[in-house]
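Participant: pasting the sequence and the predicted model now:
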Amino acid sequence: SKYVIKNIPWTTAKNFTVERGQQQIEELISTWDIRESWLHHSEFLEEEELKDSKRYHYRACWGQPTRRKPVPRATASVYFVIVIFKFKPDTAPVEVFYRLECSRLIRRPEQCQFREKWLQDIIENKIACAERL
C-alpha cells in the first residue's frame with residue numbers, strides 16, 4: 001500500500017493574510033499523524049520583503065506536558081515560511097516550506113509527510129544535552 005502524503009489546498013496570494021496563513025498552518029498540522037499527548041502553539045514571527053518574493057515566517061512550538069510535569073522539560077519548534085512570489089499571478093496559491101529546529105533541511109508539505117519521531121528526537125537530544133551540563 002502506497003503511503004499518501006496529506007496536504008491542504010493553500011490560499012491564493014490575492015487572498016492571503018497573516019491570520020489566514022496561521023489558520024492554514026494549523027489546518028496542515030491537523031493532518032499530521034501525531035499522538036494527542038503532543039500539544040503545540042503557533043505564532044507569526046515576521047514578514048520579510050525580498051526582491052522576488054514576500055515571506056511570512058511562523059513557528060509552531062511542540063511539547064508533551066503531563067500531569068506530573070505540566071511544563072515540559074524541553075520543546076521542539078517547527079518553522080514555517082509562506083512565500084508569495086512577485087512574478088507569479090496573484091491567483092496562484094502561496095508556497096509553503098518548513099524546517100525543524102536544529103536542521104537546515106527545508107521540506108515542502110506536498111513532498112514529505114511529517115513524522116512525530118522528528119519532534120521526539122529534538123526533545124531527547126535537548127534533554128540529553130542538558131543532563132550532560
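Facilitator: Cool, got the structure.
Participant: rest of the way, CA atoms for contacts and neighbours
Facilitator: Noted.
Participant: gap between Y58 and Y98?
Facilitator: Distance, Y58 to Y98, using Cα to Cα, to the nearest Å: 9 Å.
Participant: what do the two both touch?
Facilitator: Overlap of the contact sets of Y58 and Y98 (by Cα atoms under 8 Å, 6 or more residues apart in numbering) consists of 79-81.
Participant: which single one of these is nearest to P70?
Facilitator: Y79 (23.7 Å; Cα to Cα).
Participant: is it true that the closest one lies in a helix?
Facilitator: No. Counting by DSSP: H, G, I helix; E, B strand; the rest coil, Y79 falls outside a helix, being strand.
Participant: burial count for the closest residue to it other than its chain neighbours?
Facilitator: Leaving aside its chain neighbours, Y79 sits nearest to R59 (4.5 Å; criterion: Cα to Cα, 6 or more residues apart in numbering). Residue neighbour count, defined by other Cα atoms under 10 Å, stands at 22 for R59.
Participant: now R59: how far from Y98?
Facilitator: As for R59, its distance to Y98 is 9 Å (criterion: Cα to Cα).
Participant: swap in K6?
Facilitator: From K6 to Y98 the distance is 15 Å (Cα to Cα).
Participant: the two: which is more packed in?
Facilitator: Per other Cα under 10 Å, whichever of K6 and Y98 has more neighbours is Y98, with 20 against 17.
Participant: the helix of greatest length in the chain packs against which elements?
Facilitator: When the chain is parsed with DSSP state H, its longest helix is helix 116-132. Applying 3 or more Cα pairs under 8 Å, 6 or more residues apart in numbering; DSSP states H and E, one finds that helix 116-132 makes contact with strand 76-85.
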